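Asks: pasting the structure only:
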């Protein structure tokens, strides 16, 4: 299991690239497919008749423990990750935008898009327990440590893809106002999945003779896995091998948009652009003959064979949930509550709202808020943060530059920089704070799209 925690550290250390993908770009007055991913109603505001998405990639890592400065120092990152008393929350996720096409026909607009998602999350991990598992061989613990957590501590990984079918229509338009509505149906292709949930954990961790033991322990344990992540989810290749599975789920987005119009001769022909959307309302099911989705009662007590309880050092080289499950079963610590062959996973439903205001010609300021509507502690839930972003932006037409200021429920405050040159874009929501301050987030995105007529 140490390898799983090490993967979390390496996600920060190796990628060195929050949760808001394409920060600053998605609220651009250059409306298109990326804006429609934020709110499908934005398709009705396209400036061109056709748009083609070539590619786009956004990689994000955020956490509440390890800072960018820690990466360049001699800090022991595993020790740092499990320091203090605040539970560990870490998220690594990547979005790959594939080919997409949008067309506007009078008051209507339509789009077909493709996207792949890779995610790994540590959610509410108790620092004492994480330290015992990850650093136990380093003798980081002394004496006995009692752990009593009311949270569901989760390690969660997922890889899946989606094809979106979107439509939007202008439902009211006058000389100075415009209202549009839109919807997207997303066809979901689950690839692979893994979840370990440790709910209502109570136990004692001791360091005896350089070995770390867990004893007098009770918890509700969920172990679920499907596809490649059944064999391990501590390497990026575990995710990329199974991005596209069979069609087995759907989700819907709904949005509405209001514009207070400005100069009719300008492509950025609004004074205010305001929108709201409900997103990711749906689920997908992993169906595989080798699926495991089991809820257990975990009970660890001293026995004649194991007088100190469960030796956590034996998890040092474990990198998949099958091995964890086998070790606990063989020791007699697990009692099955229920077991299923299917794994049904809910997407991270959220509400979002934004407003983009023209301050003076070519200068805009936008605000964006994202509020999750789901509970990250549920074992069948993909996690998502709450986000608030303010983005000042200069749009010269062919060239656009922006500086997003973001507050995330995981990593706190961050700011970055991005630009668009024609259809090419490059940016980060955290580059400035990553360089100048003790930021706990790093991300980057790049892509290309084109529009015509």
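Replies: Sure, I can see it. Please read these numbers as outputs of a predicted model, since none were measured by experiment.
Asks: so what's the most centrally placed residue in the chain closest to, chain neighbours aside?
Replies: In the chain, the centroid-proximal residue (CA atoms, centre = their mean) is residue 93; its distance is 4.9 Å. Counting by CB to CB, 6 or more residues apart in numbering, residue 93 lies nearest to residue 119, which is 4.2 Å off, once chain neighbours are set aside. For glycine as for every other residue, the C-beta is placed from the backbone atoms N, C-alpha and C.
Asks: before we move on, what SS does the one you found have?
Replies: Taken by DSSP: H, G, I helix; E, B strand; the rest coil, the conformation at residue 119 corresponds to strand.
Asks: what residues does the residue nearest to the centre of the chain make contact with?
Replies: Listed by CB atoms under 8 Å, 6 or more residues apart in numbering, the contact partners of residue 93 are 19, 59, 60, 117, 118, 119, 120, 121.
Asks: measure the residue nearest to residue 31 when sequence neighbours are not counted to residue 171 for me?
Replies: Here the nearest residue to residue 31 in space, its sequence neighbours aside, is residue 45; by CB to CB, 6+ apart that works out to 4.4 Å. With distances defined as CB to CB, to the nearest Å, the gap from residue 45 to residue 171 amounts to 13 Å.
Asks: same check on residue 291?
Replies: Counting by CB to CB, the gap between residue 291 and residue 171 amounts to 44 Å.
Asks: for residue 437, same thing?
Replies: According to CB to CB, residue 437 stands 45 Å off from residue 171.
Asks: list the buried residues for the longest strand belonging to the chain?
Replies: Criterion DSSP state E: the longest strand present in the chain is strand 177-208. Counting neighbours by 16 or more other CB atoms under 10 Å, one finds that the buried residues in strand 177-208 are 178-199, 201, 203-207.
Asks: neighbouring strands of it in the sheet, and parallel or not?
Replies: The pairing partners recorded for strand 177-208 under DSSP bridges are strand 144-148 (antiparallel), strand 152-173 (antiparallel), strand 211-226 (antiparallel), strand 249-261 (antiparallel).
Asks: now the last one: mean pLDDT?
Replies: With pLDDT averaged residue by residue, strand 249-261 scores 96.
Asks: following element in sequence after that strand, please.
Replies: Downstream of strand 249-261, the next assigned helix or strand under DSSP states H and E is strand 270-287.
Asks: that following strand - contacts with which helices or strands?
Replies: Strand 270-287 is packed against strand 177-208, strand 249-261, strand 342-346, strand 350-360, with contacts defined by 3 or more CB pairs under 8 Å, 6 or more residues apart in numbering; DSSP states H and E.
Asks: what sits closest to residue 297 if chain neighbours are left out?
Replies: The shortest distance from residue 297 to any residue that is not its chain neighbour, by CB to CB, 6+ apart, is 4.4 Å, and that residue is residue 335.
Asks: beta partners for the residue lying closest to residue 276 once chain neighbours are set aside?
Replies: Leaving aside its chain neighbours, residue 276 sits nearest to residue 353 (4.6 Å; criterion: CB to CB, 6+ apart). Assessed by DSSP bridges, residue 353 has beta-bridge partners residue 276, residue 369.
Asks: so residue 353 sits against residue 369, correct?
Replies: Yes - counting by CB atoms under 8 Å, a contact exists between residue 353 and residue 369, whose distance comes to 5.4 Å.
Asks: mean neighbour count and distance to residue 73 for the strands paired with strand 177-208 - can I get that in TSV?
Replies: As requested, these are exported to TSV (neighbours: other CB atoms under 10 Å; distance: least, CB to CB, whole Å):
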stretch	mean neighbour count	distance to residue 73
strand 144-148	14	27
strand 152-173	21	26
strand 211-226	21	26
strand 249-261	20	42
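Asks: among those, which comes closest to residue 35?
Replies: Each of those has some distance to residue 35 by CB to CB; the shortest is strand 249-261, at 9.6 Å.
Asks: the closest one vs strand 342-346, what angle?
Replies: 10 degrees (axes from the mean of the first three to the mean of the last three CA atoms, to 10 degrees).
Asks: and strand 249-261, how far from the chain's centre?
Replies: Computed by CA atoms, centre = their mean, to the nearest Å, the chain-centroid distance of strand 249-261 equals 21 Å.
Asks: can I assume residue 242 sits in a helix?
Replies: No - if the criterion is three-state DSSP, then residue 242 is coil and not within a helix.
Asks: next, count neighbours for it.
Replies: Residue 242: 20 surrounding residues under other CB atoms under 10 Å.
Asks: check contacts around the residue lying closest to it once chain neighbours are set aside.
Replies: Ranked by CB to CB, 6+ apart and with sequence neighbours excluded, the top spatial neighbour of residue 242 is residue 191, at 3.8 Å. Applying CB under 8 Å, 6+ apart, one finds that residue 191 lies in contact with 158, 159, 160, 161, 227, 228, 239, 242, 243, 244, 245.
Asks: quick check: pLDDT value at residue 191.
Replies: You'll see residue 191 listed with a pLDDT of 92.
Asks: for residue 179, see how far away the residue nearest to residue 276 is.
Replies: 15 Å.
Asks: could you report the neighbour count for residue 329?
Replies: Other residues near residue 329 number 12, with proximity taken as other CB under 10 Å.
Asks: surely it is within a helix?
Replies: Yes - assessed by three-state DSSP, residue 329 belongs to a helix.
Asks: for it, give its distance to residue 336.
Replies: With distances defined as CB to CB, the gap from residue 329 to residue 336 amounts to 9 Å.
Asks: what touches both of residue 45 and residue 171?
Replies: A shared contact of residue 45 and residue 171, defined by CB under 8 Å, 6+ apart, is any residue touching both; here these are residue 180.
Asks: sorry, back to before: top of the contacts of residue 93 by number of neighbours, please.
Replies: Counting neighbours by other CB under 10 Å, residue 60 comes out on top of the contacts of residue 93 with 28 neighbours.
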